[in-house]
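1. Fold the following.
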Amino acid sequence: MDEQREHHWNGDRLIELEAPPILSLGLEEEEPGPRFSDLAWPIVLFLLTVFTTLWAGAYATRSNPKEGPLQFLLGDPAALLKGLPFAGTLLGILVTHEFGHYLFSRIHRVPASLPLFIPGPPHFIGTFGAVIRMRSPILSRRALFDIGVAGPIAGFVVAVVALVIGLSLSKVVTNEAVYGLHLGEPLLLQFVSWLVLGPLPQGYDVVLHPVGFAAWFGLFVTSLNLIPIGQLDGGHVAYALWGPRQRTVALAMLPILLVLGFMPGGWPGWFLWAGMAGLVGLGHPPVRDPRAALGRTRIWVGWGALAIFVLTFAPIPFSVY
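-> Residues are numbered from 1 along each chain as shown. Now for the predicted structure:
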């Protein structure tokens, strides 16, 4: 396994990702009963994503950096088993995230599809995340809050546990021994790595174990979803908390994303997120009961979600070293 070329960080900054699962809202009429495709498509897509994430996890362990994904797979199909730690951790986080949304959709009687996972090429992580299709608008303020916040919090808990395990399995090496793609270091990672590994001596890096890399991606997905824009999870939560003022917060986030993209070494992906926000809309659709009280518990959970966003956000997610 050649993790040293793929995922690591140094003592001053972290060292990697991809696109998040987002909760999507549709406007379809609710069907009188489940159809075969309602179950078949989620299962087929999930199995395909299992394969592509296994492939991506195994491909990251290759010893020949010039070997392509297909050549790697055809040369040794049994090597897919090497991708189990990465794929199992990553899918565990994403499945927990999406079923957090799905469970609270059922609790609030909002018709929704099972999670639809999107397989991706094995060059990086093997998936583009997942979506849940809502078959009717979310009209209740409390339902909007619960459904929006449940996914990020559920996935965050699993990602933190995986991060502790992954860091305990990672290696500390001199930074002359590592090169390639570096991952950004959010505040939470800095703190957990200090607890698990202790302060890193100057001139040393951490080569992340595949479980640690998958956990890092889980944190990154969480932060992307919690950006308070439009119909991202963060947009749902912000609108439930602040009503129309959510659009003001989203307008403030837009130039921040652009600045992060333009800054030296900045991630170009921030331009994509800013562009998507402009196309889909910064504001959130209204709900039927905007004045309904959320209650003290939900408000505290909402501020907790904001804290999770701050702790998991990496201004420069990726850099090449």
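2. how long is stretch 79-89 from one end to the other?
-> 18 Å (C-alpha to C-alpha, to the nearest Å).
3. now stretch 135-142
-> Taking C-alpha to C-alpha as the measure, stretch 135-142 stretches 18 Å from start to finish.
4. Residue numbering should commence at 18 henceforth.
-> Happy to do that; since the first residue is 18 now, the last one works out to stretch 152-159.
5. mean confidence for it?
-> The predicted model gives stretch 152-159 an average pLDDT of 88.
6. can you check stretch 283-301 too?
-> Along stretch 283-301, the predicted local confidence has a mean pLDDT of 86.
7. Any idea how far it is from the middle of the chain?
-> Stretch 283-301 sits 16 Å away from the centroid of its parent chain (C-alpha atoms, centre = their mean, to the nearest Å).
8. next helix or strand past the longest helix along the chain?
-> When the chain is parsed with DSSP state H, its longest helix is helix 158-186. Read in the C-terminal direction, the helix or strand following helix 158-186 is strand 188-191, with elements assigned using DSSP states H and E.
9. That following strand packs against which elements?
-> On a contact count with 3 or more C-beta pairs under 8 Å, 6 or more residues apart in numbering; DSSP states H and E, strand 188-191 meets strand 221-224. Backbone N, C-alpha and C define where each C-beta goes, glycine included.
10. buried residues in stretch 143-163?
-> Residues of stretch 143-163 classed as buried by neighbour count (16 or more other C-beta atoms under 10 Å): 143-152, 155, 157-163.
11. cool, stretch 91-98 as well?
-> By neighbour count with 16+ other C-beta under 10 Å, stretch 91-98 contains the buried residues Ala96, Leu97.
12. Now tell me what touches that stretch from outside.
-> Phe68, Leu71, Trp72, Ala75, Thr78, Glu84, Phe89, Leu90 (C-beta atoms under 8 Å, 6 or more residues apart in numbering).
13. Against Val266, how distant is the residue nearest to the first one when sequence neighbours are not counted?
-> Nearest residue to Phe68, sequence neighbours excluded (C-beta to C-beta, 6 or more residues apart in numbering): Pro136, at 7.3 Å. Shown here: Pro136 relative to Val266, a distance of 34 Å by C-beta to C-beta, to the nearest Å.
14. And for Val209?
-> Look at Val209 and Val266: by C-beta to C-beta, they are 28 Å apart.
15. Mind checking the pLDDT average for the helix or strand Ile135 falls within?
-> If you go by DSSP H and E, Ile135 is part of strand 133-136. Mean pLDDT, taken over the full extent of strand 133-136, equals 96.
16. Grab the CA positions of it and hand them over as CSV.
-> The C-alpha coordinates for strand 133-136 follow below in CSV (Å, rounded to 0.1, in the frame of the first residue of the first chain):
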residue,chain,number,x,y,z
LEU,A,133,-29.8,6.9,-3.8
PHE,A,134,-26.1,6.4,-3.8
ILE,A,135,-24.1,7.7,-6.8
PRO,A,136,-21.1,5.6,-7.8
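17. In terms of secondary structure, what does it contact?
-> With contacts defined as 3+ C-beta pairs under 8 Å, 6+ apart, strand 133-136 has these neighbours: helix 53-76, strand 144-151.
18. returning to what we had before: give me the buried entries from the contacts of stretch 91-98.
-> For these, a neighbour count by 16+ other C-beta under 10 Å gives the buried set as Phe68, Leu71, Trp72, Ala75, Thr78, Phe89, Leu90.
19. Just give me the closest of those to Pro303.
-> Phe68 (41.5 Å; C-beta to C-beta).
20. which other residues reach stretch 299-306?
-> Applying C-beta under 8 Å, 6+ apart, the set of residues contacting stretch 299-306 is 42, 154-158, 161, 246-248, 252-253, 255-257, 261, 263-264, 267-268, 271.
21. residues contacting the residue nearest to Phe68?
-> Applying C-beta under 8 Å, 6+ apart, one finds that Pro136 lies in contact with Leu62, Leu65, Thr66, Phe68, Thr69, Gly143, Thr144, Phe145.
22. mind checking how far the fourth one is from Leu274?
-> Pointing back at Phe68 there. Here the criterion is C-beta to C-beta. By it, Phe68 lies 33 Å from Leu274.
23. Likewise for the last one?
-> Taken as C-beta to C-beta, the spacing of Phe145 relative to Leu274 amounts to 20 Å.
24. Next: the first one.
-> When distances are taken as C-beta to C-beta, Leu62 and Leu274 turn out to be 29 Å apart.
25. More neighbours: these two, which one.
-> Using other C-beta atoms under 10 Å, the more surrounded residue of Leu62 and Leu274 is Leu274, with 21 against 18.
26. quick one: pLDDT of the more buried one?
-> If you check Leu274, the pLDDT there is 93.
27. can I assume it is in contact with Trp287?
-> Yes - applying C-beta atoms under 8 Å, one finds Leu274 in contact with Trp287, separated by 4.5 Å.
28. In the sheet, which residues pair with the nearest residue to Asn192 once chain neighbours are set aside? Tell me.
-> Excluding the flanking residues, the one nearest Asn192 by C-beta to C-beta, 6+ apart is Asp222, at 4.5 Å. Beta-bridge pairing of Asp222 under DSSP bridges involves Asn27, Val190.
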